[in-house]
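A.B. asks: one predicted model, sequence on top.
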Amino acid sequence: MHHDAVPNAAHDLPPVPADKLTAPFKRFLALSSAGGLLLILCTVIALVWANSPLADAYDYIFHDLNLELSLGSITLSHGLAHWINDALMVIFFLVVGLEIKREMLVGELASPRKAALPIIAAIGGMVVPALIFVAINWGQSSIRGWGVPMATDIAFALGILMLMGARAPLPLKVFLVSLAIIDDLGALAVIAVFYTDDLSMTYLAYAGGALAALVALNVMGVRKLVPYLAVGVLLWFFVLESGVHATIAGVLTAICIPASARVDSVRFLSSSRNALDVFEKSAKPGKSVRTNPEQRAAVMALEQNAEHVVPPLQRLEHMLHPYAAFLIIPVFAIANAGLHLGAEATEAVSGSISRGIIAGLFFGKPLGIFLACFIAVKINIASLPTGVSWRQLLGVGFLAGIGFTMALFIGNLAFTDPAQLEAAKVGIMLASLASSILGVTLLLTCQTASAKAKAGSAKPTPA
């Protein structure tokens with residue numbers, strides 16, 4: 001996941017004591033790799049906790065503790081992990097949906113030529129791992145987990161790629177982000193179609209009504225976010241009760257958020273300059289903005305202008321992205337990565353579920369991505385990103401084999417048997433670790449374009 005970089009006005013403010021306390025945290029959160037690093041830390045915490053003397057507390061908090069939410073005659077009662085996966089993760093999928101829509105409208109996926117390679121790569125990276133898992137689990141009940149090795153964890157993969165520095169040129173990072181976004185779209189389709197419970201047609205009809213209300217808000221030109229989010233909560237409840245997985249509500253809500261601004265840049269500049277003129281002319285000696293109604297009105301006009309020139313989709317994405325990256329995903333990791341490493345886990349490695357996931361993520365992902373890209377380039381329907389070599393592309397293919405967050409999420413839907421779910425977690429953990437190691441190794445051994453140029457210029461010229 002990523003978001004647009006914007007100037008930070010806070011840098012120009014006079015410092016206060018709290019700034020000194022929060023400065024290290026702000027510097028960390030500003031790093032492109034921060035989300036991936038925090039996810040790694042939370043995964044380690046979950047593994048240590050689940051295998052410590054406090055393991056019983058881990059199981060009780062996330063699996064045995066029941067939390068109820070009541071509103072009139074409606075009562076929802078689930079374990080904490082269930083609430084995290086079915087409610088908190090809806091916000092994450094809302095952000096994913098916003099990113100997908102933005103990329104398709106104005107981003108890397110808006111141009112057919114630019115979008116061709118990551119789309120084809122994502123399809124290859126989903127189909128091949130699924131086929132490998134199916135081949136290993138053919139004829140068994142565990143075949144239901146075929147969707148687990150299809151997923152790529154963008155936070156982990158991009159976090160590691162960002163740490164590569166010059167070894168990973170910008171076009172390679174853009175390719176991975178685009179591939180992962182399309183991969184998320186494919187995973188969402190798989191969840192919606194194949195991992196649903198018995199459907200309730202009544203609640204599906206209610207969900208359809210809520211979705212129609214969201215579409216109507218968009219058509220009527222409503223630009224305030226509150227109505228969309230309020231109807232989105234209703235949509236979440238109806239989808240949850242319908243049997244379709246509740247996170248789909250986040251994506252449907254995102255699709256309906258307007259992506260166009262209410263005013264254009266010309267009108268924004270004109271209105272803002274007028275407001276600034278009023279602010280300047282209304283200044284009175286000895287009066288602050290707090291006691292000057294004309295200046296307060298000018299500031300409010302500036303605030304409204306700023307809100308109207310930025311599309312609601314981008315405002316919501318910018319607002320929610322930090323919570324998704326630094327709160328929701330880490331909490332999800334702590335609740336779901338607590339694998340008990342004992343004799344059962346060792347035995348699970350040899351089982352068909354773990355073998356299918358490891359083979360799918362570690363071998364299937366890079367193979368599917370690399371072959372799909374190779375064929376697409378050779379038949380001239382796509383081209384390699386500028387400055388990216390085939391070796392670097394293969395390295396990114398292995399990084400795409402880090403399936404952590406989405407793979408765990410689909411694993412929770414696919415396997416109701418605790419033993420099968422534990423086996424899936426073992427496979428995901430081992431495959432993600434092996435994929436990250438080999439991906440990093442390949443990228444570190446790649447010679448950058450600048451290094452190649454220097455090496456070429458350093459060659460002695462023949463006499």
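C.D. replies: Noted; the coordinates are in hand. Residues are numbered from 1 along each chain as shown.
A.B. asks: mind checking how far Lys281 is from Arg273?
C.D. replies: Computed as CB to CB, to the nearest Å, the Lys281 to Arg273 distance reads 12 Å. (C-beta placed from N, C-alpha, C; glycine too.)
A.B. asks: so where do the helices sit in the stretch 51-200 of the chain?
C.D. replies: Here the stretch 51-200 of the chain has its helices, by DSSP state H, counting those that start in this stretch, at 55-59, 80-83, 89-106, 112-136, 154-162, 170-194.
A.B. asks: comparing those, which yields the minimum mean pLDDT?
C.D. replies: The minimum mean pLDDT among the helices of the stretch 51-200 of the chain belongs to helix 154-162 (a mean of 73).
A.B. asks: by contact count, what packs against it?
C.D. replies: When contacts are defined as 3 or more CB pairs under 8 Å, 6 or more residues apart in numbering; DSSP states H and E, helix 154-162 packs onto helix 34-50, helix 170-194, helix 390-399, helix 404-414, helix 418-444.
A.B. asks: give the contact list for the nearest residue to Ser260 once chain neighbours are set aside.
C.D. replies: Nearest residue to Ser260, sequence neighbours excluded (CB to CB, 6 or more residues apart in numbering): Pro311, at 5.7 Å. Listed by CB atoms under 8 Å, 6 or more residues apart in numbering, the contact set of Pro311 reads 258-261.
A.B. asks: looking at these, which are in strands?
C.D. replies: Taking DSSP state E, every one of the contacts of Pro311 sits outside strands.
A.B. asks: now Pro169. Its backbone dihedrals?
C.D. replies: phi -60, psi 160 (degrees, to the nearest 10).
A.B. asks: neighbours of it, how many?
C.D. replies: 20 (other CB atoms under 10 Å).
A.B. asks: and for the one 4 residues further on?
C.D. replies: Other residues near Lys173 come to 18 when the count uses other CB under 10 Å.
A.B. asks: repeat that for the one 5 residues further on.
C.D. replies: Residues lying near Ser178 (other CB under 10 Å) number 22.
A.B. asks: name the nearest residue to it, sequence neighbours excluded.
C.D. replies: Closest to Ser178 by CB to CB, 6+ apart is Pro118, at 3.7 Å.
A.B. asks: elements contacting the helix or strand harbouring Leu252?
C.D. replies: Element membership for Leu252, per DSSP states H and E: helix 248-256. Here helix 248-256 touches helix 89-106, helix 170-194, helix 201-219, helix 225-242, going by 3+ CB pairs under 8 Å, 6+ apart.
A.B. asks: who touches it?
C.D. replies: 89-98, 100-101, 188, 191-192, 207, 211, 214-215, 217-218, 228-229, 231-232, 235-236, 238-240, 313.
A.B. asks: mind saving the C-alpha coords of it as PDB?
C.D. replies: Taking C-alpha atoms only, helix 248-256 is exported to PDB below (Å, rounded to 0.1, in the frame of the first residue of the first chain):
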ATOM      1  CA  ILE A 248     -16.200  -7.100   0.500                       C
ATOM      2  CA  ALA A 249     -18.300  -4.200   1.900                       C
ATOM      3  CA  GLY A 250     -15.100  -2.100   2.300                       C
ATOM      4  CA  VAL A 251     -14.300  -2.500  -1.400                       C
ATOM      5  CA  LEU A 252     -17.900  -1.800  -2.600                       C
ATOM      6  CA  THR A 253     -17.900   1.300  -0.500                       C
ATOM      7  CA  ALA A 254     -14.600   2.400  -2.000                       C
ATOM      8  CA  ILE A 255     -15.900   2.000  -5.500                       C
ATOM      9  CA  CYS A 256     -18.700   4.400  -4.800                       C
END
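A.B. asks: residue ranges with poor pLDDT in the stretch 351-463 of the chain?
C.D. replies: The stretch 351-463 of the chain contains residues with pLDDT under 70 at 447-463.
A.B. asks: the residue nearest to Ser178 reaches Asp183, doesn't it?
C.D. replies: No. Counting by CB atoms under 8 Å, Pro118 stays clear of Asp183, with 9.1 Å between them.
A.B. asks: for Glu103, which non-adjacent residue is spatially closest?
C.D. replies: Using CB to CB, 6+ apart, the closest residue to Glu103 is Leu109 (4.4 Å).
A.B. asks: what about the one you found, neighbour count?
C.D. replies: Around Leu109 there are 21 residues (other CB under 10 Å).
A.B. asks: enumerate every residue touching the nearest residue to Leu176 once chain neighbours are set aside.
C.D. replies: For Leu176, ignoring the flanking residues on the chain, the nearest one in space by CB to CB, 6+ apart is Val396 at 5.3 Å. By CB under 8 Å, 6+ apart, the contact set of Val396 is 157, 161, 172, 175-176, 179, 369, 439, 443.
A.B. asks: send me the helix or strand encompassing Leu371 as CSV with only the CA atoms.
C.D. replies: Following DSSP H and E, one finds Leu371 within helix 365-378. The C-alpha trace of helix 365-378 is given here as CSV (Å, rounded to 0.1, in the frame of the first residue of the first chain):
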residue,chain,number,x,y,z
LYS,A,365,4.8,-17.1,-7.6
PRO,A,366,8.1,-16.2,-9.2
LEU,A,367,7.6,-18.8,-11.9
GLY,A,368,4.2,-17.5,-12.9
ILE,A,369,5.2,-13.8,-12.7
PHE,A,370,8.5,-14.3,-14.7
LEU,A,371,7.0,-16.6,-17.4
ALA,A,372,4.0,-14.3,-17.9
CYS,A,373,6.2,-11.3,-18.2
PHE,A,374,8.6,-13.1,-20.5
ILE,A,375,5.9,-14.2,-22.9
ALA,A,376,4.2,-10.7,-22.8
VAL,A,377,7.5,-9.0,-23.7
LYS,A,378,8.4,-11.5,-26.4
